[in-house]
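1. sequence-free structure coming up:
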């Protein structure tokens, strides 16, 4: 039914229930309404403040702290809480789901969704996890906007044997709000994102933490002269702390594996600096330019 | 001799000789002419291709591979080669310098300038090192532009007892091409820049290198999904390999010291991930937000 911009396309869902109305949840609520993908969007959030803010912003039909109330009449449920809450939310969700409903999510790790939510999904309900590769360093319902997913990737990771009609609806939803969709195995997703997103965030958090432990006078100069490279790291390291805690705890193996490789490589460069091995440094720094060229060629720069 | 910024100010220098006409040298040549800071700009570069390109671009009066020729009649000499060439250039430069001349540079490390160039400076010649905190990931004479230094910091590090008139001229030069100047001790400069610039570059080079060692299929997906954080690192890691080799070799102690702190901090986070210590991760990730706020408050974001 998808027609990308699709002014004339009928809504894909009657009622979408978004669980968790932070940056991503509130952006999705806005986008589903803005692009006419859902007739109605409601949300559940355990924070009454978030619910009040969502109503005040006028981005949902109804906002409630009561999961059962939010799920009434929903044909799509989107989990948009931090990934660490998925097991608990999944358990509460289970008895409220009815055959034919689709459950998806927007988490940055995908195996954990199958592990934590999968067991609570009754027969006839379709779990189709997804990950919009989009975001900003801001958090909360007021930080969202309808065009956040425009021109960004969304990776959908249907489990083996997933219902094709359900997969198609989730894929179409993302396409209609502007994303380019890629289907991927959950395990592979977690390994790719460990290097493209999780490790960069961990490193940015680390270096900014290292700087914030410096003596006060040096610290104020670090802020002053941050344009030399450091600034880019601070933007990344301003991302939501709870979300990122959960990412690392829930993609532990892939993150530790790539972190191990990173540390070995850093140690080799450290050694080259200590012993003045200029040629090795220059070779390494030349090699990395090729990856940048690849990104520019892929129009991702 | 365009007059945008300072229409009425007289040129500060009669002839400026820029040694090394890459990104920074060629930008400075353009800026000195564009803002009327020098009556004439000439350059020396050991690469005949760079010299030809500089003439073709029309950014210098004369371009030569002969240092003596470039220095004729110059009242300011700017070293803009990679820092690793400073000892050799300084040695060639020494006999060509005449009393009253000012020698400055644009290197990213500052103690090394005093160490490598200082001994070759005759009595009556003023060595006033400087560091424009500006650049792009592109290299070469064609990558430069006159406004590169606009709104950026320039750190000037006069040695103890430096001639005040000479310091003033170098400071005024940077101000007239748009920079905000900070005076600093060379040792302190090297420690501050180790964290704001050198470590971020080393880490970016490392992680991009780690990615480029992955199997080919994963690597192409890393490029595809680079928007999740990795992309920012690739831009940094595309910077000039020779320049950065020299920075690390010439700011070894400060870089190794901050790298040691970074590694300790990263190891602590790694351990927290391995053992599932969510609270420690969240605390760390919350702390780093404060630094970002400081940068935003300082209008450096």
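-> Received it, and whenever you're ready, just let me know what you need. Predicted model only: the values in this text are computed from it and were never measured.
2. all strands for chain A, in order.
-> Secondary structure of chain A (DSSP state E): strands at A:13-19, A:38-44, A:62-64, A:76-79, A:102-105, A:126-127, A:130-132, A:153-156, A:180-183.
3. Please state the offset of the third one from the chain centre?
-> Just to be clear, that refers to strand A:62-64. Strand A:62-64 sits 23 Å away from the centroid of its parent chain (Cα atoms, centre = their mean, to the nearest Å).
4. Residue A:147 and chain B, how far apart?
-> 15 Å (Cβ to the nearest Cβ, to the nearest Å). For every residue, glycine as well, the C-beta is placed using N, CA and C.
5. residues contacting that residue?
-> Contacts for residue A:147 (Cβ atoms under 8 Å, 6 or more residues apart in numbering or on different chains) come out as A:31, A:178.
6. burial measure for residue A:294, as a count.
-> Counted with other Cβ atoms under 10 Å in any protein chain shown, the neighbours of residue A:294 add up to 20.
7. before we move on, back to that, so can I have TSV of the strands of chain A showing mean neighbour count and mean pLDDT?
-> TSV is the format used below for those (neighbours: other Cβ atoms under 10 Å in any protein chain shown; pLDDT from 0 to 100):
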stretch	mean neighbour count	mean pLDDT
strand A:13-19	23	98
strand A:38-44	24	98
strand A:62-64	21	98
strand A:76-79	26	98
strand A:102-105	26	98
strand A:126-127	24	98
strand A:130-132	26	97
strand A:153-156	23	96
strand A:180-183	15	97
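8. Dump the ones you listed to CSV, plus distance to residue B:101.
-> CSV is the format used below for these (distance: least, Cβ to Cβ, whole Å):
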stretch, distance to residue B:101
strand A:13-19, 69
strand A:38-44, 70
strand A:62-64, 72
strand A:76-79, 69
strand A:102-105, 67
strand A:126-127, 75
strand A:130-132, 60
strand A:153-156, 57
strand A:180-183, 59
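9. closest to residue B:122 out of those?
-> Across the strands of chain A, residue B:122 has its closest neighbour in strand A:153-156 (60.9 Å, Cβ to Cβ).
10. Who does that closest one pair with, and is each partner parallel or antiparallel?
-> Paired with strand A:153-156 in the same sheet, following DSSP bridges, are strand A:130-132 (antiparallel), strand A:180-183 (parallel).
11. Output those strands in CSV; the columns should cover distance to residue B:55.
-> Shown next, in CSV, are these (distance: least, Cβ to Cβ, whole Å):
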stretch, distance to residue B:55
strand A:130-132, 51
strand A:180-183, 46
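12. The longest helix seen in chain A to helix B:252-274, inter-axis angle?
-> Among the elements of chain A assigned as helix by DSSP state H, the one spanning the most residues is helix A:252-274. Helix A:252-274 and helix B:252-274 are oriented at 170 degrees to each other (axes from the mean of the first three to the mean of the last three Cα atoms, to 10 degrees).
13. is helix A:252-274 anywhere near chain B?
-> Yes. Interface with chain B: helix A:252-274 contributes A:252, A:255-256, A:258-259, A:261-263, A:265-266, A:269-270, A:273-274 (Cβ under 8 Å from any Cβ of the partner chain).
14. Check what contacts stretch A:40-58 and list those residues.
-> Stretch A:40-58 is contacted by residues A:14-22, A:25-26, A:29, A:32-33, A:59-67, A:69-71, A:74, A:140-142 when judged by Cβ under 8 Å, 6+ apart.
15. Out of those, list just those in helices.
-> Those of the contacts of stretch A:40-58 mapping onto helices are A:25-26, A:29, A:32-33, A:67, A:69-71, per DSSP H.
16. List buried residues within those residues.
-> Buried members of the ones in helices among the contacts of stretch A:40-58, counted by 16 or more other Cβ atoms under 10 Å in any protein chain shown: A:25-26, A:29, A:32-33, A:67, A:70-71.
17. can you tell me which two in those residues are farthest apart?
-> Across these (Cβ to Cβ), the longest gap, 21.1 Å, separates A:33 and A:67.
18. Based on its surroundings, how many neighbours for the one residue in the stretch 1-150 of chain A that gets nearest to chain B?
-> Proximity of the stretch 1-150 of chain A to chain B (Cβ to the nearest Cβ) peaks at residue A:133, 5.3 Å away. Residues near residue A:133, counting by other Cβ under 10 Å, number 22.
19. Could you do residue A:271 as well?
-> 11.
20. give me every residue that touches it.
-> Contacts for residue A:271 (Cβ under 8 Å, 6+ apart) come out as residue A:277.
21. Distance-wise, check it relative to residue A:284.
-> Here residue A:271 is placed at a distance of 12 Å from residue A:284 (Cβ to Cβ, to the nearest Å).
22. Can you pull the domain assignment for chain A?
-> If you go by automatic domain parsing, the domain ranges for chain A are A:13-184, A:188-297.
23. mean pLDDT lowest for which of these?
-> When the domains of chain A are compared on mean pLDDT, domain A:188-297 scores lowest, with a mean of 91.
24. so residue A:12 sits right up against residue A:176, yeah?
-> Yes. Residue A:12 is within contact range of residue A:176, at 6.9 Å (criterion: Cβ atoms under 8 Å).
25. Overlap in contacts, the two.
-> Contacts common to residue A:12 and residue A:176, judged by Cβ under 8 Å, 6+ apart, are residue A:37.
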